[in-house]
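A.B. asks: just to be clear, the model below is a prediction. Sequence and coordinates:
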Amino acid sequence: MARTPLIAGNWKLNLDHLEGTHTVQKLAWLLRDAKHDYSAVEVAVLPSFTSLRSVQTLVDADQLEIKYGSQDISQHESGAYTGEVSGAQLAKLGVSYAAVGHSERRQYHGETDEIVAAKTKAAFAHGIVPIVCVGEGLDIRKEGRHVEYTLAQVDGALKDLPAEQAKDVVIAYEPVWAIGTGEVATPADAQEVCAAIRGRLAELYDAELADGVRVLYGGSVKSSSIAQLMAETDVDGGLVGGASLDPEEFSKIARFKE
Ligand code: PEP
């Protein structure tokens, strides 16, 4: 099955709503000038919650083909959960994607596999596609346990998820040692784990479903490294952090085929 590549920019805690709309606008102009074919490579940005409404307004007004999503989603529907943002609230803002279980949330906010699974379900309940982030730290990699560790995270995130939803999930393999460090995994490293993730999806569901799921690589992706990563059979896109803040660089990443 042909999987449409996805290049998604995780802005993390950067850019206020004015800077955010500026950045999306510039990105859109660059991609328009380059005659970017969005049906061949999907492009998405994940701004802070505070920017989503402005980005929605811009995307709607200019009929941009850039998609947008959130960096997190609450596992709860509503109620006494101060600071949380629900799937219903995000769906009202037209988000297509929600990152779930990013390593920074696992590390700084104590997100367990159980919470990641609940957030994955919360996203699907509101028609939002979760980008489930998995990946090992340096200690695990040095011990050679990176595949089993990452697959256990996949098992945890997808626990009890029905096939009708799992077929649409996006999984991002993001080795923690490569995030924000400038140390990009080799294409072979990325392929090894992305292929193992697809294999696990085939075991959990079936080969056809696994064949349709997009598995992204994330970790210090740049325009200079994306093409080699994308040449790997099981790498279907990139989750891009730092480099997504620069529209010129991010547009080059999105145009990796050229
Ligand atoms: C990320 O935040 O998901 C990420 C991959 O960051 P960076 O590209 O900066 O390593």
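C.D. replies: All right, it came through fine. Residues are numbered from 1 along each chain as shown.
A.B. asks: what about the helices in the stretch 151-258 of the chain?
C.D. replies: Ranges of helices in the stretch 151-258 of the chain, per DSSP state H, counting those that start in this stretch, are 163-166, 187-204, 207-212, 226-230, 247-254.
A.B. asks: flag every residue of the stretch 101-250 of the chain that's near the ligand.
C.D. replies: Contact residues (CB under 6 Å from any ligand atom) of the stretch 101-250 of the chain with the ligand: 174, 179, 180, 218, 219, 220, 221, 239, 240, 241, 242, 243. Glycine gets a C-beta too; all of them are placed from N, C-alpha and C.
A.B. asks: recalculate using a threshold of 5 Å.
C.D. replies: 179, 180, 218, 219, 220, 239, 241, 242 (CB under 5 Å from any ligand atom).
A.B. asks: got a pLDDT number for the last one?
C.D. replies: Yep, that's residue 242 we're talking about. For residue 242, the model assigns a pLDDT of 97.
A.B. asks: same question for the first one.
C.D. replies: In this model, residue 179 is scored at 93, pLDDT.
A.B. asks: ok, for it, nearest residue in space, not its chain neighbours?
C.D. replies: residue 219 (5.1 Å; CB to CB, 6 or more residues apart in numbering).
A.B. asks: shouldn't that neighbour be in contact with residue 175?
C.D. replies: Yes - counting by CB atoms under 8 Å, residue 219 touches residue 175, with 5.4 Å between them.
A.B. asks: got any residues that touch both of these two?
C.D. replies: 135, 185 (CB atoms under 8 Å, 6 or more residues apart in numbering).
A.B. asks: list the residues that contact the residue in the chain positioned nearest to the ligand.
C.D. replies: In the chain, no residue comes nearer to the ligand than residue 241, which is 2.0 Å away by CB to the nearest ligand atom. Residues near residue 241 by CB under 8 Å, 6+ apart: 9, 10, 12, 179, 180, 218, 220.
A.B. asks: give me the buried subset of these.
C.D. replies: 9, 10, 12, 179, 218, 220 (16 or more other CB atoms under 10 Å).
A.B. asks: I'd guess the first one is in a strand, am I close?
C.D. replies: So that's residue 9. Yes - according to DSSP: H, G, I helix; E, B strand; the rest coil, residue 9 belongs to a strand.
A.B. asks: can you report how many residues lie near the nearest residue to it once chain neighbours are set aside?
C.D. replies: Sequence neighbours aside, residue 244 is the residue nearest to residue 9 in space, at 2.7 Å (criterion: CB to CB, 6+ apart). Residue 244 has 27 neighbours, counted by other CB atoms under 10 Å.
A.B. asks: same check, this time on residue 160
C.D. replies: 7.
A.B. asks: quick one, phi/psi of it?
C.D. replies: Main-chain torsions, residue 160, degrees, to the nearest 10: phi 60, psi 20.
A.B. asks: that one touches residue 114, doesn't it?
C.D. replies: No - using CB under 8 Å, residue 160 makes no contact with residue 114, being 10.9 Å away.
A.B. asks: what is the neighbour count of the residue nearest to residue 77 when sequence neighbours are not counted?
C.D. replies: Leaving aside its chain neighbours, residue 77 sits nearest to residue 86 (5.9 Å; criterion: CB to CB, 6+ apart). As a burial measure, residue 86 scores 19 neighbours (other CB under 10 Å).
A.B. asks: just checking, residue 86 touches residue 72?
C.D. replies: No - using CB under 8 Å, residue 86 is not in contact with residue 72, being 11.1 Å away.
A.B. asks: coming back round to it: torsion angles phi and psi at the residue nearest to residue 77?
C.D. replies: Backbone geometry at residue 86, expressed as degrees, to the nearest 10, gives phi -90, psi 160.
A.B. asks: do the same with residue 99
C.D. replies: Given degrees, to the nearest 10, the pair of backbone angles that residue 99 has is phi -70, psi 140.
A.B. asks: next up, the contacts around it.
C.D. replies: 10, 46, 69, 70, 71, 72, 130, 131, 133, 172, 239.
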